[in-house]
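K.L.:
Fold the following and give me the result.
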Amino acid sequence: MAVIERRKTKDGQVHYRVKVRLKGQPIQHATFTSITKAKHWASQIETAIREGRYFKNQNSKKINMGDVIDKYIIEILPRKPKSLKKQKSQLFWWKDQIGSFLLSDISTAIIAEKRNKLLEGMTYRKSKRSTATGVLGAVFDLIKMELLIFQNYLL
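P.N.:
Numbering: from 1, shown residues only. Model prediction:
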């Protein structure tokens, strides 16, 4: 939810401070000279956070997707023995496709493009591939948790 505060400076100028708060996410804030720009920014940020594509964290500009996928394979997959083999192969496919991207560069458009490429292919048994995006969602949950923990640690 976004909150917009009207603020007046000592010299009489009006500024609008926007705070976007969503449960489980760090508070995002910015200041604008126009109420229209403030509302537009708030709307964009809320949508991006809900869709899981907003990482306003400097670490997201340093970490690539391949490193996160590796971390997931090492730390999380061993706890899932029933799905380990299938998810591991899916994660290797995703790592090959988007592993070189920085977290800050990942977007829904990139994921959709790669998902469509995946659906065009066939398995070794000559059947259509599944989307395999569920396991990728779990990786993004790990990313959100790790970045939130790191950000709270710095505060």
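
K.L.:
what about the helices in this protein?
P.N.:
35-50, 65-75, 84-98, 108-120, 134-154 (DSSP state H).

K.L.:
ok, residue 136 touching residue 111?
P.N.:
Yes. Using CB atoms under 8 Å, residue 136 makes contact with residue 111 at a distance of 7.1 Å. For the C-beta atoms, the positions are set from N, CA and C on the backbone; glycine is no exception.

K.L.:
With neighbour numbers in mind, choose between those two.
P.N.:
Higher neighbour count among residue 136 and residue 111: residue 136, with 23 against 19, using other CB atoms under 10 Å.

K.L.:
what's the distance between the closest residue to the more buried one other than its chain neighbours and residue 48?
P.N.:
Leaving aside its chain neighbours, residue 136 sits nearest to residue 94 (5.6 Å; criterion: CB to CB, 6 or more residues apart in numbering). Using CB to CB, to the nearest Å, one obtains 21 Å as the distance from residue 94 to residue 48.

K.L.:
and the two? which has more neighbours close in?
P.N.:
The neighbour comparison of residue 94 against residue 48 (other CB under 10 Å) goes to residue 94, with 21 against 17.

K.L.:
so who does the more buried one touch?
P.N.:
Listed by CB atoms under 8 Å, 6 or more residues apart in numbering, the contact set of residue 94 reads 65, 69, 114, 132, 135-136, 139.
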